[in-house]
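Novice: Structure for this input, please:
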Amino acid sequence: KEITSGGMDIKEGALYPALHKLQAEGHLKVEAEKVENRIRKYYSLTPQGQKETVNMLAELKEYMENMQAIINPKLAY
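Specialist: Alright, predicted model coming up:
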């Protein structure tokens, strides 16, 4: 939410199932740490997750370019 200046507000009900799925697929690793009597989990991309991210961003870029060409061909990339 902070990064997008409020443009995206992902609720816990959507976030944690997605994180668990990505972890199960091997895209995320999780490290747990006890902080002030609470367990905190820190998520980071695995090398496989980094590759998948690059692939998905390339697919998204291609999709956006195709949509731009359809919607307004004069402004196509």
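
Novice: Show me which positions of the longest helix seen in the chain end up buried.
Specialist: Counting residues, the longest helix found in the chain (DSSP state H) is helix 47-71. Applying a neighbour-count criterion of 16 or more other C-beta atoms under 10 Å, one finds G49, E52 buried in helix 47-71. (C-beta placed from N, C-alpha, C; glycine too.)

Novice: again with stretch 22-37
Specialist: By neighbour count on 16+ other C-beta under 10 Å, the buried set for stretch 22-37 is L22, Q23, H27, L28.

Novice: Now, the residues you listed that are in helices?
Specialist: L22, Q23.

Novice: Rebuild the buried residues of stretch 22-37 as TSV, extending it with distance to T46.
Specialist: Listed next are the buried residues of stretch 22-37 as TSV, based on distance: C-beta to C-beta, whole Å:
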residue	distance to T46
L22	9
Q23	9
H27	6
L28	6
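
Novice: picking up where we left off before, and the longest helix of the chain, how far out from the chain middle?
Specialist: 12 Å (C-alpha atoms, centre = their mean, to the nearest Å).

Novice: can you check stretch 33-53 too?
Specialist: That offset, for stretch 33-53, works out to 13 Å (C-alpha atoms, centre = their mean).

Novice: Please renumber the chain so that the first residue is 45 from this point on.
Specialist: Sure, I'll start counting at 45 from here, so that last one is stretch 77-97.

Novice: Can I get that stretch in CSV, CA atoms only?
Specialist: Output in CSV follows, covering the C-alpha atoms of stretch 77-97 (Å, rounded to 0.1, in the frame of the first residue of the first chain):
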residue,chain,number,x,y,z
GLU,A,77,12.5,-15.0,13.9
LYS,A,78,11.3,-14.3,17.4
VAL,A,79,10.9,-10.6,18.0
GLU,A,80,9.4,-9.3,21.2
ASN,A,81,7.8,-12.6,22.0
ARG,A,82,6.2,-12.9,18.6
ILE,A,83,7.2,-15.0,15.6
ARG,A,84,7.9,-12.9,12.5
LYS,A,85,8.3,-14.5,9.1
TYR,A,86,10.5,-13.0,6.5
TYR,A,87,9.8,-14.0,2.9
SER,A,88,12.4,-13.8,0.0
LEU,A,89,12.6,-15.1,-3.5
THR,A,90,14.5,-18.2,-4.2
PRO,A,91,16.7,-18.4,-7.4
GLN,A,92,13.7,-20.2,-9.0
GLY,A,93,11.4,-17.5,-7.8
GLN,A,94,13.6,-14.8,-9.3
LYS,A,95,13.6,-16.5,-12.7
GLU,A,96,9.8,-17.0,-12.6
THR,A,97,9.4,-13.3,-11.7
